[in-house]
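S.K.: show me how the following folds:
(chains A and B)
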Amino acid sequence: MTLDDRSLREHLDRRAEAGASDVEGIADVVMARVAVTGRGGWWRGLSVRGPSLGAAATAIMVVVVALAVVSPGIWPGPGTSTPSETAPAPDYPGLRALTVKELDAVLGSDPAARAGEIVIASVTLEAFDLRCYGTDCPRYLANLDGRIVSIHDPGEAAPELPGASVLRIRSDGDLDLLGHVRAGPDGLAWTLPQLTAELPEIRTADRAVPYLYLVDAVHVVTDQAYRCRFGMGEGEPDFDCGTGVAWLVPNDASLPSSFTSAPTGSLRVPNVSDVRYRMYALQQHGYWLVDPFVAQDEATCFLCPPVGAVDLIGRVPTGDELELMPPEATAPPVGDYPTDRALTAAEAAEVVAGFTGDGRYLAVVIEADMVPIDRFPECLGDYACPTWEIRVVGSEPIPVWATAGFVPNPDGPDAFTIVSDSGGSYEHGLSYVGPVMAGPDGFVWTLPQLLSDLPSLRTDGDFPYVYMVEAERVSTPNPAPCPSIAPEPEPTFDCRTDLAWLVPEGTSVIDEVTRPEAGIRVPGATYMLDSLERRQSGHWLIDPVPTPSVCIACPPGGAAAMIGRLPSLAELGLTP
Amino acid sequence: MERELIEQARRGDRVAYEQIVRRKVETVYRTARAILGNDADADDATQETLIRAWRRLSSLRDVDRFDAWLGLITVNACRMALRRRRGPSLVALPADDATHELSEPQTGGFEHRAVTADAFDRAFDRLPVEQRAILVLHHRDELSIAEVAARLGVPEGTVKSRLSGARAALDRSLAREGLR
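M.R.: Just a heads-up that it's a prediction; the model follows:
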């Protein structure tokens, strides 16, 4: 069947015009949500932030008193400054929930990248009591340190319960509220013995108090296929005989090679339907979120331990798995910059925030992880928008502009330039230059070392790395004289431009028409932030040119593009 | 006038943005409704489009491209609306007039049989959202190939090939409805 264009248009018009939605009503809802919506991501600081949630949402109820049952030493209570506001979270989720700031960092600029993951956080839920059209309306809003997120409630969780909220990240960046956790006696998580000891009492409680429990245990799935006895196999499939029978077992449990009964001290959890048959049982340690309200009896719970079964909601990723800042990130860096080390993410954030380049740039070397961010719809070309960011505890992420298809250097430091956005819409950020190759004896190359290695490096045909070299830059004030037959224009290293070289310290005489005996030709003109002197010692970031087609007054070391002089910590305004 | 409103909204002026929303909501909704085929998803997608546009408006470089930019967000929101939907997709019950013939029979060039509304909707809803979007933008919203390319952020040549592929996919899907 081939539809002609006219029929196709008519059908599409009919689809578009069908329905009775009140578009003005949709506009009302949009504007009500806009009233409580700041602008997300790293550019938040540039725009007007939304007022407090109370402006449009009736602030009811739910101050979630996180870890109300946890000892005060772990969480001192709302309104207090906790170390976790600025420090990493190695104790998550074993001891405590995420703070709102940490949850904001976990969601990052691309929450969809974490879709499906479960997090436990201390958040204040406020009712979303606005009109909402459609089937997928949020029930709550939460303010995550300026980011307003919509929270849905698919399971009708009871929001008034004390206890940290269990939230699942959705692909659209919103969150699903799964319930609330009741903390264990020593922290947020229970050990399995603690939980199994408590279960009889928990089960006497009313089902209307639907706490979830986080248990530190090993999830064990058998690779055996259990033949069902007469009368079995007709019960609840999740806990039946058959395949993929599973338990949570204590962390120190020793397991048999095959299971003819429930492991000692275990708790039965639903069968794993997609278990692959393997030589050995599947075992995975983790923090498991369970719902203990499962009724079971012998007829419907195969290989059940005496304590019975619980529903398994899912595994809660640790702080490391969520890439929360590791403890080392806040440790003071050792060594001087740039001779011994690169800038840390925190130092880079401080430098970028204080940058006043106004169209010029500054070269820096940074060692930090970069994470991809949403490519904005209007960004169709390289460097049109930042596509990566460096996340920093306690401050806005640093946006990074890079070429399409860029893949970060997994090891070692990277070179960047700090840039202003020419359009003026963005704050300053970083433009990626390339990975930095450390010298043979340390972070920085001496010029003789680099000159010695350059011939072999050039045989590779390309320079995937940039180099930091300690040298003296010497320039002439006048353009180089051109030969009688002018070469093809090569502006960077041609005549007609100022001549400049990197030379060993103390090279005494540079004649304007004579190349130095040892050194590297670099471009004369510069748009670097710091105005260069005619002779200047420093640490220079360069990108050697394999074979320049024209290189007037080139020394044997050839030519290199100049990325910039690396300022010291003091010049960057940082405390050495 | 609209350009000025967009500039003001970029700077965080919610009043200006509200005027933009009032002007654009119908267009966004109709496009989403045509792509998604049901009110609930179209409502969700329209809300998400206009909320997301507000959140990202400060990153819009060229205010003259606002409509294209908003169109791209609309298509993405439709994609997300479909991805969010769990279980079977909504299938509208046939309305009283849903089986009427929408076009006069064609007289030549190819065999023509009337495509009922519900058969078309079933066939169309089997297409991936990208194919639905390109058909809606070109055939319903009457955008040129260049304008569709701007909406979808792809080269014009890609639009042409995708458009051709979408028409072929729709034909195959209609064939599954017994319309051969």
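S.K.: what segments of the stretch 101-250 of chain A are helices?
M.R.: Taking DSSP state H, counting those that start in this stretch to define them, one finds helices in the stretch 101-250 of chain A at A:192-204.
S.K.: separation between residue A:314 and residue A:198?
M.R.: According to Cβ to Cβ, to the nearest Å, residue A:314 and residue A:198 sit 21 Å apart. From N, CA and C alone the C-beta is placed, and that goes for glycine too.
S.K.: just give me the neighbour total for residue A:102.
M.R.: Neighbours of residue A:102 under the rule other Cβ atoms under 10 Å in any protein chain shown: 26.
S.K.: so it makes contact with residue A:324?
M.R.: Yes: counting by Cβ atoms under 8 Å, residue A:324 is a contact partner of residue A:102 at 6.2 Å.
S.K.: element containing residue A:507?
M.R.: Under the assignment given by DSSP states H and E, residue A:507 is not contained in any helix or strand.
S.K.: which residue comes closest to it once chain neighbours are left out?
M.R.: residue A:516 (5.9 Å; Cβ to Cβ, 6 or more residues apart in numbering or on different chains).
S.K.: sec struct for residue A:288, please.
M.R.: For residue A:288, the assignment made with DSSP: H, G, I helix; E, B strand; the rest coil gives strand.
S.K.: who are the contact partners of residue B:136?
M.R.: Going by Cβ atoms under 8 Å, 6 or more residues apart in numbering or on different chains, residue B:136 touches A:12, A:16, B:31, B:34-35.
S.K.: and of those, the nearest to residue B:14?
M.R.: residue B:31 (24.0 Å; Cβ to Cβ).
S.K.: buried stuff in the lengthiest helix in chain B?
M.R.: Counting residues, the longest helix found in chain B (DSSP state H) is helix B:14-36. Residues of helix B:14-36 classed as buried by neighbour count (16 or more other Cβ atoms under 10 Å in any protein chain shown): B:14, B:16-21, B:24-25, B:27-36.
S.K.: now the helices for chain A?
M.R.: A:5-17, A:23-35, A:100-107, A:192-204, A:345-353, A:447-459.
S.K.: using TSV, please lay out those helices together with distance to residue A:268 and mean pLDDT.
M.R.: Below are these laid out as TSV (distance: least, Cβ to Cβ, whole Å; pLDDT from 0 to 100):
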stretch	distance to residue A:268	mean pLDDT
helix A:5-17	49	89
helix A:23-35	44	82
helix A:100-107	31	87
helix A:192-204	11	86
helix A:345-353	45	88
helix A:447-459	62	81
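S.K.: redo those helices as a markdown table? Include distance to residue B:57.
M.R.: Listed next are the helices of chain A as a markdown table, based on distance: least, Cβ to Cβ, whole Å:
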| stretch | distance to residue B:57 |
| --- | --- |
| helix A:5-17 | 25 |
| helix A:23-35 | 10 |
| helix A:100-107 | 20 |
| helix A:192-204 | 49 |
| helix A:345-353 | 23 |
| helix A:447-459 | 47 |
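S.K.: closest to residue B:73 out of those helices?
M.R.: Per Cβ to Cβ, nearest to residue B:73 of these: helix A:23-35, 12.8 Å.
S.K.: ok, residue A:564 - how many residues close by?
M.R.: 25.
S.K.: from residue A:361, how far off is it?
M.R.: 7 Å.
S.K.: residue A:416 too?
M.R.: 9 Å.
S.K.: need the overlap of contacts for these two.
M.R.: Joint contacts of residue A:416 and residue A:361 (Cβ under 8 Å, 6+ apart) are residue A:431.
S.K.: residue in chain B with the shortest distance to chain A?
M.R.: Proximity of chain B to chain A (Cβ to the nearest Cβ) peaks at residue B:12, 3.2 Å away.
S.K.: did I read that right, that residue in a helix?
M.R.: No: using three-state DSSP, the assignment for residue B:12 is coil, not a helix.
S.K.: now it: how far from residue B:54?
M.R.: Distance, residue B:12 to residue B:54, using Cβ to Cβ: 10 Å.
S.K.: for chain B, which residues score under the pLDDT cut-off?
M.R.: For chain B, the stretches with pLDDT under 70 are B:1, B:58-59, B:61, B:83-114, B:153-154, B:179-180.
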